[in-house]
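Asker: Quick one: sequence and predicted model below, then my questions.
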Amino acid sequence: MPITSPPPTRDERSRTYRPRIKICGLTREQDVRAAAELGADLLGFIHVPGSPRHLDLHRLAELLATVPPGPETVVVVRNEPDATLKTLRNHLNFHWFQFHGDESPEKVAQWGGYKVVHVPADATSLDATIAPRDPFFLLDTSVKGQSGGTGKTFDWGLLARVEGACLVAGGLRPDNVGRLVETWHPWGIDVSSGVESAPGRKDPDALRRFFAEIDRACGRPATSRATGQAPHDSGTLPSATGREDHSSRSRRHQPIQPERDSAPKNQNQENS
Ligand SMILES: O=C(O)c1ccccc1N[C@@H]1O[C@H](COP(=O)(O)O)[C@@H](O)[C@H]1O
């Protein structure tokens, strides 16, 4: 059953709940493989000019061809024109868009994706509860002049006022992710720079320790995922277009048709 229909509430997420895990900023085949083998649910690729992890369309296509069955794929974008979004969705077959710019809620829904909500690193309170957003959203630390990949945490106490399915990002590392998971039981977590040896280069040992810490924090044997044998037991991620086929590579280069049941109501057919 798709995990976000309905997503588990905070109360339902217990000490043994294993968050969805997104490894972002991948630029190398060996890192894609390592993240997938360790049990990542989402693999993220950056198409934001100026990021040290930026990949052009050609390189994105090359790397996507190396993604094994299992994890779903995310492309991180900021204010890209519709023509580029169309290519990313219809020809590269990304499952998800992660929007980092001025994209309206309508545009996010239209293209099938989720949006970042930024929290200043020094924020100690929120003006209002952050309400659930369909299908889920991303909470990340804001740093002036940077769209993401900041390596900075925000005050996790603010998560008490965050509702719904939310990927928590910002400054996660092998030495702090366990505390986040055991204290706040986030729906999902997202990491980029905290498992790198240099921007865009994942450190295999840091990746292994990251997953092992999550296992420890939710009471799982640390070896299970480190051997690459862990099942994807956090559930199936419902893709933006409602597709649940995890053998994503079989769909490469095939146009994606929005499914009638799950396509956003305001789906603009011109985009498909
Ligand atoms: O990682 C980047 O370079 C990046 C560039 C532009 C937008 C988003 C980017 N990354 C996102 O940042 C967070 C994680 O950051 P970190 O773990 O603190 O380094 C994650 O959501 C990435 O998708």
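Answerer: That came in fine, so what should we check first?
Asker: Can you confirm whether the one helix or strand residue 211 maps to lies near the ligand?
Answerer: Using DSSP states H and E, residue 211 sits in helix 204-217. No: applying CB under 6 Å from any ligand atom, one finds helix 204-217 separated from the ligand by no less than 10.4 Å. Where you see a C-beta, it was placed from the backbone N, CA and C, and this is true even at glycine.
Asker: Report the distance from that helix to the chain centre.
Answerer: Distance, stretch centre to chain centre, for helix 204-217: 17 Å (CA atoms, centre = their mean, to the nearest Å).
Asker: does any part of the helix or strand encompassing residue 45 sit near the ligand?
Answerer: Per DSSP H and E, residue 45 falls inside strand 42-46. Yes: Strand 42-46 reaches the ligand (CB under 6 Å from any ligand atom) through 44, 46.
Asker: could you say what helices and strands the helix holding residue 211 packs with?
Answerer: Helix 204-217 sits against strand 20-23, helix 29-38, helix 177-184, helix 222-226, with contacts defined as 3 or more CB pairs under 8 Å, 6 or more residues apart in numbering; DSSP states H and E.
Asker: The same query, at a cut-off of 10 Å, please.
Answerer: When contacts are defined as 3 or more CB pairs under 10 Å, 6 or more residues apart in numbering; DSSP states H and E, helix 204-217 sits against strand 20-23, helix 29-38, helix 177-184, strand 188-191, strand 196-198, helix 222-226.
Asker: buried set for the strand holding residue 45?
Answerer: 42-46 (16 or more other CB atoms under 10 Å).
Asker: Kindly indicate which of the residues you listed lies nearest residue 172.
Answerer: residue 44 (13.1 Å; CB to CB).
Asker: Pull the contacting residues for the closest residue to residue 130 other than its chain neighbours.
Answerer: If the residues on either side of it in the chain are set aside, residue 130 comes closest to residue 162, at 4.6 Å by CB to CB, 6 or more residues apart in numbering. Residues counted as contacts of residue 162 (CB atoms under 10 Å, 6 or more residues apart in numbering) are 10, 117, 119, 126, 129-132, 137, 139, 156, 168, 184, 186-187.
Asker: out of those, which are buried?
Answerer: For these, a burial check counting by 16+ other CB under 10 Å picks out 10, 119, 130, 132, 137, 139, 156, 168, 184, 186-187.
Asker: Adding secondary structure as columns, could you present those in TSV?
Answerer: As requested, the buried ones among the contacts of residue 162 are exported to TSV (DSSP: H, G, I helix; E, B strand; the rest coil):
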residue	secondary structure
10	coil
119	strand
130	strand
132	coil
137	strand
139	strand
156	helix
168	strand
184	helix
186	coil
187	coil
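Asker: among those residues, which one has the lowest pLDDT?
Answerer: Here the lowest pLDDT out of these sits on residue 10, with 69.
Asker: Could you show which parts of the stretch 151-272 of the chain are in contact with the ligand?
Answerer: Residues of the stretch 151-272 of the chain lying close to the ligand (CB under 6 Å from any ligand atom) are 151, 169-172, 190-194.
Asker: does residue 118 really touch residue 126, like I thought?
Answerer: No: with contact defined as CB atoms under 10 Å, residue 118 does not count as touching residue 126 (11.8 Å).
Asker: sorry, back to before: out of the residues of the stretch 151-272 of the chain next to the ligand, name the two that are farthest from one another.
Answerer: Of all pairs drawn from those, the greatest distance, 12.6 Å, lies between 151 and 190 (CB to CB).
Asker: quick one: which of the two has more around it?
Answerer: Higher neighbour count among residue 151 and residue 190: residue 190, with 27 against 17, using other CB atoms under 10 Å.
Asker: and the closest residue to residue 201 other than its chain neighbours, how many neighbours?
Answerer: With CB to CB, 6+ apart as the criterion, residue 201 has its nearest non-adjacent residue at 6.6 Å, and that residue is residue 28. Neighbourhood size, residue 28 [other CB under 10 Å]: 13.
Asker: For residue 28, give me the backbone phi and psi.
Answerer: Here is the backbone geometry of residue 28 (degrees, to the nearest 10): phi -130, psi 150.
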